[in-house]
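> predicted structure and sequence below. I'll ask about it afterward.
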Amino acid sequence: MAGGQQPQENDVPVYLFTGFLEAGKTKFIQETLEDKRFNSGEKTMLLLCEEGEEEYDISAMPCQDIYIRTIEEPEELNPAHLEELLKECGATRVVLEYNGMWQLQQLFQNLPDDWAVYQEMFFADATTFLQYNANMRSLVVDKLNTCELVVFNRFTKDMDKMEFHKLVRGVSRRTDIAYEYTDNHVEYDEIEDPLPFDVNAPVIRLADTDFALWYRDIMEDPKKYDGKTVSFRGIVAVDPTFPPNTFAVGRHVMTCCVEDITYSCVVAEWEKANMLQTRQWVQVTGKIHVQRHKLYRGKGPVLQVQEVVMTSAPEQEVATFYSVSYTHLRAHETRHDL
């Protein structure tokens, strides 16, 4: 198992496995713990947040210092209780099988400070995934958003990889995708996803429909845009607590449903920023510099503005990663403060 965070001294590594019932998590974890390359003597707490159809066979593992503990309710996910369980076991690492019906934010917000997720994998039964996505898209997005790898098991040759690929890429461009066929052979997704704009153009001009993809891409790989000039239509946000000559500009972006619409913006610096007002629509052009900034609490893309032109709102004010009916959006849209 490779990837995830780089180990830090005194960290408790957490290997996180997510997915819905009967998605193949238990089988994969069992095989992982039977692998001497992963399980060579470390004391491990196997933390289970749901009861699946299969049970773990500790006797089949080369190192049997495996201590199973269960979490039955989300309220049990709190730092004090998790630390108590780890201390009981005397374990130095955690393998966590998470409940697919629980939001991951509840877990991330309640991990002890010295627990670090080293790897996160999402498992999905290819025969039921599209149905889950149609009926519980917010839970699917929740799991895809942070995982490093999604494994579609029980895949068959008559299934359309592109359909699965697009659903994953609608959430994350970083997640690796693997298809495990019913005969147990595995293929990795090699479908290329060209961006709908030219990142090497003298000025990267974003169509209104491109903003969500661009914003996700620049936040995932800001160095790609360092020194590049970009032009897009966005909505302004100003605040008296911002540093002088600073404003934010972006769009409201919907990932999966109206409940998750958020204002997604970049920091912008302009000597005439005090002329702008919150909720103004502008066409802004400037050069991106990746640098430390107070509003990012670290490094991030800062737009050094060259030109601001007042403009009207686009036909579809909420940016999305996929085609969506404007009428449908307007019918269900709620007001979201900047």
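Done, it's in. Note that the structure is a prediction, hence the values are computed from the model and not measured. Residues are numbered from 1 along each chain as shown.
> leaving out chain neighbours, which residue sits closest to the most centrally placed residue in the chain?
Taking CA atoms, centre = their mean, the centroid of the chain lies closest to Asn145, which sits 2.3 Å from it. Setting aside the residues directly before and after it, Asn145 is nearest to Val171 in space (CB to CB, 6 or more residues apart in numbering), at 5.7 Å. (Each C-beta comes from the backbone N, C-alpha and C, glycine too.)
> and the one you found, how many neighbours?
Neighbour count of Val171, defined by other CB atoms under 10 Å: 22.
> again with Gly90
Gly90 sits with 10 neighbouring residues when counted by other CB under 10 Å.
> strands of the stretch 151-300 of the chain, start to end?
In order along the chain, the stretch 151-300 of the chain carries the following strands (DSSP state E, counting those that start in this stretch): 176-181, 186-188, 204-205, 229-237, 246-254, 262-269, 281-293, 298-310.
> need these in JSON lines (columns: mean pLDDT, mean neighbour count and distance to Pro74).
Output for the strands of the stretch 151-300 of the chain, formatted as JSON lines (pLDDT from 0 to 100; neighbours: other CB atoms under 10 Å; distance: least, CB to CB, whole Å):
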{"stretch": "strand 176-181", "mean pLDDT": "96", "mean neighbour count": "18", "distance to Pro74": "28"}
{"stretch": "strand 186-188", "mean pLDDT": "95", "mean neighbour count": "11", "distance to Pro74": "33"}
{"stretch": "strand 204-205", "mean pLDDT": "98", "mean neighbour count": "18", "distance to Pro74": "43"}
{"stretch": "strand 229-237", "mean pLDDT": "98", "mean neighbour count": "21", "distance to Pro74": "33"}
{"stretch": "strand 246-254", "mean pLDDT": "95", "mean neighbour count": "23", "distance to Pro74": "26"}
{"stretch": "strand 262-269", "mean pLDDT": "96", "mean neighbour count": "19", "distance to Pro74": "23"}
{"stretch": "strand 281-293", "mean pLDDT": "97", "mean neighbour count": "18", "distance to Pro74": "35"}
{"stretch": "strand 298-310", "mean pLDDT": "96", "mean neighbour count": "16", "distance to Pro74": "30"}
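> can I get those in TSV with distance to Ala134?
Formatted as TSV, the entries for these read as follows, by distance: least, CB to CB, whole Å:
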stretch	distance to Ala134
strand 176-181	19
strand 186-188	25
strand 204-205	34
strand 229-237	31
strand 246-254	17
strand 262-269	23
strand 281-293	34
strand 298-310	35
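> grab the CA positions of the helix or strand hosting Ala124 and hand them over as CSV.
When elements are assigned from DSSP states H and E, Ala124 belongs to strand 115-125. Extracted C-alpha coordinates of strand 115-125, given in CSV (Å, rounded to 0.1, in the frame of the first residue of the first chain):
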residue,chain,number,x,y,z
TRP,A,115,-3.7,10.4,14.1
ALA,A,116,-2.9,11.0,10.4
VAL,A,117,-4.7,9.4,7.4
TYR,A,118,-1.9,7.9,5.4
GLN,A,119,-4.1,6.4,2.7
GLU,A,120,-7.8,6.5,1.8
MET,A,121,-9.4,4.1,-0.6
PHE,A,122,-13.1,3.9,-1.7
PHE,A,123,-14.6,0.6,-2.8
ALA,A,124,-17.8,0.4,-4.9
ASP,A,125,-19.8,-2.5,-6.3
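> next secondary structure element downstream of it?
Counting by DSSP H and E, the next helix or strand C-terminal to strand 115-125 is helix 129-135.
> what's the distance between Leu295 and Trp270?
Between Leu295 and Trp270 the distance is 14 Å, computed by CB to CB, to the nearest Å.
> any weak-confidence spans in this protein?
1-9, 52-53, 256-259, 322-338 (pLDDT under 70).
> dig out what Phe122 forms beta bridges with.
Beta-bridge pairing of Phe122, defined through DSSP bridges, involves Thr18, Val150.
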